[in-house]
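Peer 1: Following is a predicted model, sequence given first.
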Amino acid sequence: MSASIMLLVGAIWLSTQLRPSTAWHDIALFAHLASLILGFGAVLVADYFFALWALGRVPFAEAVRSASRLHLLVWGGLTGLVASGALLSPNLGSTATIVKLCLVGVLAVNGVHATVLGNRMALADGPVSFRLLVRGGLTTAVSQLCWWGAVVIGFLNATR
């Protein structure tokens, strides 16, 4: 968890040191959007598998297995977002940008928790405990709130 936060802090610091050219800014913007598609898209697919389980369409173990296969894409997307974001000259004096960075930090910590929780769910033999399901639901809710919040703030910052 602390490694995720340290990488985010490093990227924020790096963003204050770099002054990318217009070409590099455009490349970073493309990488940022591609990373968003990769990471958030994988999160939405993982959540879709659990929705299928909740609707009785797939067994719990299949939903967990399917979601676990997406972790690399989620982390790759989030890493790409942080790295490319450092080249987008974020306005660190903006409250909205600070809120977005906090959402990304919470997202990273929640992602570590989701990985550990997913491993625990994979080990569940028989019916899954109510407590584990509640933790999964809360982890999903935090994830969605952070992803959507960061997307909305990014959109608003880009259109101002």
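Peer 2: Yep, that arrived.
Peer 1: now residue 135: how far from residue 148?
Peer 2: From residue 135 across to residue 148, the span is 21 Å (CB to CB, to the nearest Å). (Glycine included, C-beta is placed from N, CA and C.)
Peer 1: Settle it for me: which of those two has more neighbours?
Peer 2: The neighbour comparison of residue 135 against residue 148 (other CB atoms under 10 Å) goes to residue 135, with 16 against 12.
Peer 1: With adjacent residues omitted, what lies nearest to that one?
Peer 2: residue 117 (5.9 Å; CB to CB, 6 or more residues apart in numbering).
Peer 1: State the helix or strand in which that neighbour lies.
Peer 2: helix 95-123 (DSSP states H and E).
Peer 1: and after that helix, which helix or strand comes next?
Peer 2: As assigned by DSSP H and E, the chain's next helix or strand after helix 95-123 is helix 130-158.
Peer 1: For that next one, name the packing helices and strands.
Peer 2: Of the remaining helices and strands, those touching helix 130-158 by 3 or more CB pairs under 8 Å, 6 or more residues apart in numbering; DSSP states H and E are helix 22-54, helix 95-123.
Peer 1: Of those helices, which is nearest residue 89?
Peer 2: Each of the helices and strands packed on helix 130-158 was checked against residue 89 via CB to CB, and the shortest separation belongs to helix 22-54, namely 7.1 Å.
Peer 1: residue farthest from the centroid of this protein?
Peer 2: With CA atoms, centre = their mean as the measure, the chain has its most outlying C-alpha, relative to the mean C-alpha position, at residue 126: 29.6 Å.
Peer 1: confidence score at that residue?
Peer 2: The score at residue 126 is 81. That number is its pLDDT.
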